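Trainee: one predicted model, sequence on top.
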Amino acid sequence: MTQRKLTKLIKLTGKIKLKTATRVGGNDGSLRIGGVDLMCIRDPVTDLPYIPGSSLKGAMRAAIEKKEGRWGRPKENHRGQFEDNPKEPCMCGTCAICRVYGAHKNTQSRTGPSRIVVRDAHLIQEDQKIGKMEIKTTNTIDRKTGAAVHPRMEERVPAGSMFKLEMVLSVYNDDATFEYDEKRGEEALLEVIGTSLGLVQEGAGLGSSVSRGSGQIELIDPEMEEIEKPKVVFKPISSHESK
Ligand SMILES: [Zn+2]
């Protein structure tokens, strides 16, 4: 194979609107602060909640893997046997999803580096009301007695809140022959990403408790722009104005 070369960088932007209150960024490990069991993740500088890029990328990947039947595929061990892999992303290193999102833990991947970088999505404060958090108490129901047990308090970002979506797509020379869903090359990469986000929007959702109605999102104003020859220009020190 000829050397893989980066040919283009494309910036993809938009706004993520929460249609339902959502706990963003946390995992289900119990994190208890001031009586609240499950907190949202917050930017340490602004103290506002944000959606970590890794969470969003994970939700996009899981959604398209389920559609394509790649999620939790049996994986081949070093003896050539197939083992169950119920909660792991695909790591075949050859499929469309491995090409766009990276081949997970497969170091022998033929698809090369992950094509997409998903940045942390920060809260857009258009309205002072937004940013105020909701606390919701959730219960587990005891199947035998029907009683609510293990109540826990969960912090959620209210419906209507908006976050800034930003992703960067890297296109390599060997993507020219890549095909997905009747698209080819760069358009095929964009099709994988668009399908993933569409599935997250249409029901796969974000964060925990999606099956209970949390984490429903809407994507607003999706746009793309090519990043022109990225470079940093260094200026001579003498050009700074002295104070
Ligand atoms: Zn794969």
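Mentor: On my side now, so go ahead.
Trainee: can I get stretch 217-226 in PDB, CA atoms only?
Mentor: Taking Å, rounded to 0.1, in the frame of the first residue of the first chain, the C-alpha atoms of stretch 217-226 are listed here in PDB:
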ATOM      1  CA  ILE A 217     -31.900  15.500  21.200                       C
ATOM      2  CA  GLU A 218     -32.500  17.600  18.100                       C
ATOM      3  CA  LEU A 219     -29.700  18.700  15.900                       C
ATOM      4  CA  ILE A 220     -30.100  22.300  14.600                       C
ATOM      5  CA  ASP A 221     -28.200  24.100  11.800                       C
ATOM      6  CA  PRO A 222     -25.800  21.300  10.800                       C
ATOM      7  CA  GLU A 223     -23.100  23.000   8.600                       C
ATOM      8  CA  MET A 224     -19.700  22.000   7.200                       C
ATOM      9  CA  GLU A 225     -16.700  24.000   6.100                       C
ATOM     10  CA  GLU A 226     -13.300  23.000   4.700                       C
END
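Trainee: mind listing what's buried along stretch 192-206?
Mentor: 192-201, 204-206 (16 or more other Cβ atoms under 10 Å). C-beta coordinates here come from the backbone N, C-alpha and C atoms, glycine included.
Trainee: tell me the buried residues in the longest helix seen in the chain?
Mentor: Ranked by number of residues, the top helix in the chain under DSSP state H is helix 53-68. Going by neighbour count (16+ other Cβ under 10 Å), the buried part of helix 53-68 is 53, 55-57, 59-65, 68.
Trainee: which two of the residues you listed have the greatest separation?
Mentor: Spatial extent of those (Cβ to Cβ) is set by the pair Gly53 and Glu68 at 22.1 Å.
Trainee: tell me the residues of the chain that contact the ion?
Mentor: Contact residues, the chain versus the ion (Cβ under 5 Å from the ion): 90, 92, 95, 98.
Trainee: buried among those? Make that a ChimeraX selection.
Mentor: Buried residues among those (16+ other Cβ under 10 Å), as a ChimeraX selection:
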select :90,92,95,98
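Trainee: and the nearest residue to Ile51 once chain neighbours are set aside, how far is that from the ion?
Mentor: Leaving aside its chain neighbours, Ile51 sits nearest to Ala121 (4.1 Å; criterion: Cβ to Cβ, 6 or more residues apart in numbering). As judged by Cβ to the ion, to the nearest Å, Ala121 and the ion stand 25 Å apart.
Trainee: show the contacting residues for Ala121.
Mentor: Applying Cβ atoms under 8 Å, 6 or more residues apart in numbering to Ala121 gives the contacts 16, 50-51, 53, 56, 163-166.
Trainee: what sits up against stretch 5-13?
Mentor: Here stretch 5-13 has contacts from 164-173, 175, 186, 190, 193, 221-227, 230, using Cβ under 8 Å, 6+ apart.
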